[in-house]
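> Give me the fold of what follows.
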Amino acid sequence: MKQKVVLKNLIFKKIFLLMDLEFNKREDQNKLKLGAITSLLSEIKKGGGEKRLQKQRDEGKLTARERIDYLLDKNADSIEIGAFAGYEMYEEHGGCPSAGVVVKMGYVSGRQCLVVANDASVKAGAWFPITAKKNLRAQEISMENRLPIIYLVDSAGVFLPMQDEIFPDKEHFGRIFRNNAKMSSMGIVQISAVMGSCVAGGAYLPIMSDEAMIVDKTGSIFLAGSYLVKAAIGENIDNETLGGATTHCEISGVTDYKAKDDKDALDRIKNIMKSLGDYEKAGFNRIESFPPKENIEHIFGHMPVSRADQYDTINIIKCLVDQSEYEEYKSDYGKTIICATARIDGWSVGIVANQRKLVKSGKGEMQFGGVIYSDSADKATRFIANCNQRKIPLLFLQDVTGFMVGSKSEHGGIIKDGAKMVNAVANSVVPKFTVITGNSYGAGNYAMCGKAYDPRLIVAWPWADLAVMGGSQAAKVLAQIQTSTLKKQGKEISDEEHQEILDTISKKYQKQTEPTYAAARLWTDAIINPIDTRKWISMGIEAANHAPITEKFNLGVIQV
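Modelled structure (predicted):
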């Protein structure tokens, strides 16, 4: 008997040792992925390069990031929106790091706000199509959350070689100024500092703000610069006389304050922010904050390296929520989605998360982790409705491969149940936040509050995948289509040629699923260190608390 106990203990020790080894292996490989993203971000933050940044300093100006760092409160949290925007885009034009504009949410004189700073080291701050999209995203966040916004202007205007992709359409350059007007009517505070060029249509942005200041000798505002004035009407005039600080503060009255240098302008903004009155609050519940009992760094060991592997999402939730405590809703029903109430940094949240381990349904059938079944969709719909009724913000943790397919699911009404869940997400009136922790495929992206469903913030972890379907499946489908097309043309395809087609498609498709590809196009707001997840959610809910809910939750017409 004693020998059996000893043998049993040895077996358990061996199992735990193997589990520890696997945990450590996953931890190391996931941290390597984070390291690669961190290294890439460091390069992106150099903007147009050290030489161009130094040129700005030599002109007596701060760089875009230096301006923001000086403006934001020290020792206070901040998050950067769209740092990867423009990554590996417009390479034929020399690239556009961070879309040529830096956007941060932080605190100025204790007031939460957004700061938008043109990066003049990138093509003199010229606007590419992605620049307009990023500026519009910043304004969208400000409008949704009634959050003050500060513009630090230093831009040469539209990037002319791509004017047809940025000028005339609804989501192009002109929408910025339309939003200025709308935000003003909504009572959202807008402050501008002209710290460099402010040309043509871009001249409207600071002047449509509540208060505008201009830096002497380096700031300028005009609809047309001196060269264009000469060409258009034959007038000879220099830019400073045409639209410098003295002109606009003493003659035209276009700007309200003349600053002697960048820091003087930024100090003026700090003083304005100090004077703002209080805001009406939405009333989301917050109590004292506690860290998770589970070490948040364990996320790196819990997450598998392969996106196809199973794991228990409960372990991830325990790493994120206060004291690792949560109250699960319908825990024995619809097990491939976890619904739970918890707290993050003291804020009450409703969590909707894809369970990634193999589970057994109430009918005794095995269900694949990461797949949304009818019962899971039904549970999530009910939970979302409850959170709306109780005014609890929603947090979606996405690691989803899609909805279950096949005759059994179709006959069971998976489309109907999925539609109900999508309907609940679309019509939700409480703020929604999305973290893509792993996969984000197909209609699962929509049901779990992808970008199209208006999350207040949406971020991805460094190993996230975003695509219409998994890479291997998509590559096989596309390769099959291409091979069939060639055969119809009378071309015989050998096994080697078919494999070559498959490899080429796989490589291209895989590139498009990477988190950097999505972040470059602003399908996500950031690729974040998982350890920063709590900060992003807490700051996001605090921002949302500036905007009282004025609508009622209504599912509308759905098939029941």
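> What are the phi and psi values at the nearest residue to Glu288 once chain neighbours are set aside?
Nearest residue to Glu288 in three dimensions, chain neighbours excluded: Gly346, at 5.8 Å (Cβ to Cβ, 6 or more residues apart in numbering). Where C-beta positions appear, they are placed from N, C-alpha and C, glycine not excepted. Backbone geometry at Gly346, expressed as degrees, to the nearest 10, gives phi 90, psi -20.
> and what of the one 3 residues further on?
The phi and psi torsions at Val349 (degrees, to the nearest 10) take the values phi -140, psi 150.
> Looks like the residue nearest to Glu288 contacts Val321 (just checking).
No. Here Gly346 lies out of contact with Val321, judged by Cβ atoms under 8 Å, at a distance of 10.9 Å.
> More neighbours: which of the two?
Neighbour totals were compared for Gly346 and Val321, and Val321 leads with 26 against 14 (other Cβ atoms under 10 Å).
> Look up how far Ile130 lies from the more buried one.
Between Val321 and Ile130 the computed distance is 35 Å (Cβ to Cβ, to the nearest Å).
> Just give me the neighbour total for Lys281.
By other Cβ under 10 Å, the residues close to Lys281 number 10.
> correction: Gln482
16.
> Mind jotting down where the strands sit in the stretch 1-150 of the chain?
Taking DSSP state E, counting those that start in this stretch as the test, the strands found in the stretch 1-150 of the chain are 79-81, 101-108, 111-118, 149-155.
> what's the angle from the last one to strand 101-108?
It refers to strand 149-155. With axes from the mean of the first three to the mean of the last three Cα atoms, to 10 degrees as the basis, strand 149-155 and strand 101-108 are set at 150 degrees to each other.
> any idea where the helices of the stretch 251-400 of the chain begin and end?
Here the stretch 251-400 of the chain has its helices, by DSSP state H, counting those that start in this stretch, at 262-274, 299-302, 313-320, 374-390.
> and the longest one, which residues are buried?
Of all the residues in helix 374-390, those buried under the rule 16 or more other Cβ atoms under 10 Å are 374-385, 387-388.
> Please identify the most buried of the strands of the stretch 1-150 of the chain.
The highest mean neighbour count among the strands of the stretch 1-150 of the chain belongs to strand 149-155 (a mean of 27), with neighbours defined as mean count of other Cβ atoms under 10 Å.
> immediately after it, which helix or strand?
Along the chain past strand 149-155, the next helix or strand (assigned with DSSP states H and E) turns out to be helix 174-185.
> what angle do that next one and strand 149-155 make?
Using the same axes, to 10 degrees, the inter-axis angle of helix 174-185 relative to strand 149-155 is 150 degrees.
> And helix 174-185, what does it pack against?
With contacts defined as 3 or more Cβ pairs under 8 Å, 6 or more residues apart in numbering; DSSP states H and E, the secondary structure elements packing on helix 174-185 are helix 129-145, strand 190-199, helix 204-207.
> mean pLDDT for these: which is lowest?
Mean pLDDT across the helices and strands packed on helix 174-185 is lowest at helix 204-207; the value there is a mean of 84.
> List every C-alpha atom in it, with coordinates, as PDB.
Only the C-alpha atoms of helix 204-207 are listed here, as PDB (Å, rounded to 0.1, in the frame of the first residue of the first chain):
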ATOM      1  CA  TYR A 204      -9.900  75.700 -40.000                       C
ATOM      2  CA  LEU A 205      -9.100  73.100 -37.200                       C
ATOM      3  CA  PRO A 206      -7.600  75.400 -34.700                       C
ATOM      4  CA  ILE A 207      -9.900  78.300 -35.500                       C
END
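> what does that helix contact?
When contacts are taken as Cβ atoms under 8 Å, 6 or more residues apart in numbering, the neighbours of helix 204-207 outside the stretch itself are 151, 153, 176-177, 180, 192-194, 198, 212, 221, 254-255.
> Number of residues surrounding His411?
Each residue near His411 was counted by other Cβ under 10 Å, and the total is 8.
> For it, give its distance to Val422.
In this structure, His411 and Val422 are separated by 20 Å, where distance is defined by Cβ to Cβ.
> wouldn't Tyr453 be in contact with Ala424 here?
No. Using Cβ under 8 Å, Tyr453 and Ala424 do not qualify as a contacting pair, with a distance of 10.3 Å.
> For Val405, which non-adjacent residue is closest in space?
Counting by Cβ to Cβ, 6+ apart, the nearest residue to Val405 once its immediate chain neighbours are dropped is Ile414, at 7.8 Å.
> Quick check: closest non-adjacent residue to Pro530.
Going by Cβ to Cβ, 6+ apart, Pro530 has Ile299 as its nearest residue, at 4.5 Å.
> for the stretch 401-550 of the chain, what spans make up the strands?
Taking DSSP E, counting those that start in this stretch to define them, one finds strands in the stretch 401-550 of the chain at 402-403, 432-441, 457-460, 465-467, 526-527.
> and those as JSON lines, adding mean pLDDT?
Conversion of the strands of the stretch 401-550 of the chain to JSON lines gives the following (pLDDT from 0 to 100):
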{"stretch": "strand 402-403", "mean pLDDT": "90"}
{"stretch": "strand 432-441", "mean pLDDT": "96"}
{"stretch": "strand 457-460", "mean pLDDT": "98"}
{"stretch": "strand 465-467", "mean pLDDT": "88"}
{"stretch": "strand 526-527", "mean pLDDT": "98"}
